[in-house]
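[1] one predicted model, sequence on top.
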Amino acid sequence: ENSIFKEMLTKKCSSLLWGWLWALPLASALKNVKGTDLQPCSGPGMALTGFTRNSHCMDHNDDAGSHHVCIDMRSNTGGNFCEVTGQPDWCSSYMACDGHSGTCPVEHWCVCEWAFAKYITLAGGCDKIQSIVCEATNMKAYEHWKQQAQNAPHIQEALQCLEQRCGLVAASA
């Protein structure tokens with residue numbers, strides 16, 4: 001019975017490891033909102049972020065939240081993302097470090113693009129939010145918001161905010 005459990009666990013872990021390793025090269029092929037290679041959102045001395053905890057705000061089949069927007073949790077501008085969106089306060093917590101053992105503070109973090117759009121509205125506008133790390137924000141968020149902006153005012157506001165903060169050409173107007 002124990003050997004069967006170990007065999008199943010080994011197969012499952014091996015499958016997860018290969019799935020994770022397979023996704024690594026994709027990060028370099030992904031683009032940020034500026035059209036260049038997607039940069040890591042977290043780095044040394046920060047908690048490791050990304051839906052798959054690979055430091056990139058990238059797609060994954062299980063990521064229904066589309067964690068594509070990298071924000072600087074340390075920035076003093078705007079309210080705390082967790083507090084404003086009504087989430088438990090993981091924003092000021094410590095989690096596994098990026099690049100070494102131990103725990104580090106949540107500093108740059110990949111947040112759900114849909115929660116981020118609500119965050120802008122709840123915080124009182126684009127000038128009241130924490131900093132966006134444009135080079136680490138996935139182009140997918142920009143594309144999704146462009147597709148949805150016409151149907152939802154808060155998505156339109158998020159699109160305009162991203163364009164303003166990241167110096168993008170306002171194609172949404």
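    Yes, it's here.
[2] quick one: secondary structure of Gln148?
    When classified by DSSP: H, G, I helix; E, B strand; the rest coil, Gln148 comes out as helix.
[3] what's in contact with the helix or strand where Tyr142 lies?
    Element membership of Tyr142, judged by DSSP states H and E, is helix 139-148. Contacts to helix 139-148, defined as CB atoms under 8 Å, 6 or more residues apart in numbering, come from residues 30-33, 35, 38, 57, 59, 66, 68-69, 113, 116-117, 155, 158-159, 162, 168, 171-172. Heads up, the C-betas are built off the backbone N, CA and C, glycines and all.
[4] also stretch 155-168?
    Stretch 155-168 has contacts (CB under 8 Å, 6+ apart) with 33-34, 113, 116-117, 120-121, 125-126, 129, 131-132, 134, 137, 141-142, 145-146, 148-150, 169-172.
[5] now that stretch: buried residues?
    Using 16 or more other CB atoms under 10 Å as the test for burial, stretch 155-168 gives 155-163, 165-166, 168.
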